[in-house]
Structures are given as C-alpha cells and as structure tokens.
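**Student:** okay, sequence plus prediction incoming.
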Amino acid sequence: MTQKSEIIAHLPATIELSRRTTQNSISFDVKRSGSKAGRLVIAQGSVEWWPDYNKIHAHRMSWGKFIALLEGQMPERRSKR
C-alpha cells in the first residue's frame, strides 16, 4: 500500500529569500499517511530538513551539496512536451 503524502507551505509576505536568521524563508510541512514527517525549510543559503521526532538538530545542506545529492540520487527523466 502506498503512503499518501501531504505538503503544506508556509509562505512569508515576500518571496525573496534572505539569510535563515531573518525568518525570511519558505517552509513546508510534510505529512505521510496523515501524520507529520517533518518540515523542509528553504532559505537563501541552505536547505534544512527538520524531522518531526527531532526539534533540536536539523539536517542542513548548502545549495551546492543539495544539488549534488539530487543529481547523484535521482535518475534523469525526460519531460513530456
């Protein structure tokens, strides 16, 4: 049985991203099968994953490392045009 994912975005008043400490970031609450899996926080300098079970330490990556992770882990897929 596949798990249904639900994504809830928390958008700031402005879309331009700045440093994480200014609270000008975009965060997404990620739910799987109705329960919260964690929060993805996107800021100008990094991407953070806060698992729901861990409120103290985030998994933080620079944009360069995040791009390398995605390109190394995900197969390329041709878009339909």
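**Tutor:** Cool, the structure landed. Residues are numbered from 1 along each chain as shown.

**Student:** buried set for the lowest-mean-pLDDT helix or strand in the chain?
**Tutor:** Among the helical and strand segments of the chain, the one scoring lowest on mean pLDDT, DSSP states H and E is strand 5-10, with a mean of 72. Going by neighbour count (16 or more other CB atoms under 10 Å), nothing in strand 5-10 comes out as buried. Where C-beta positions appear, they are placed from N, C-alpha and C, glycine not excepted.

**Student:** how about whichever helix or strand comes after it: buried residues?
**Tutor:** Using DSSP states H and E, the helix or strand that follows strand 5-10 in sequence is strand 26-32. Neighbour counts using 16+ other CB under 10 Å place 27, 29-31 of strand 26-32 among the buried residues.

**Student:** which one of the residues you listed is nearest His57?
**Tutor:** If you rank the buried residues of strand 26-32 by distance to His57 using CB to CB, Ser27 comes first, at 16.5 Å.

**Student:** isn't the closest one right up against Val47?
**Tutor:** No. Between Ser27 and Val47 there is no contact, the gap being 10.9 Å when judged by CB atoms under 8 Å.

**Student:** need the overlap of contacts for these two.
**Tutor:** By CB atoms under 8 Å, 6 or more residues apart in numbering, Ser27 and Val47 have these common neighbours: 40-41.

**Student:** residues contacting the residue sitting nearest the centre point of the chain?
**Tutor:** When CA atoms, centre = their mean is applied to the chain, the residue found nearest the centroid is Leu40 (3.0 Å). With contacts taken as CB under 8 Å, 6+ apart, Leu40 has the following neighbours: 27-28, 30, 47-50.
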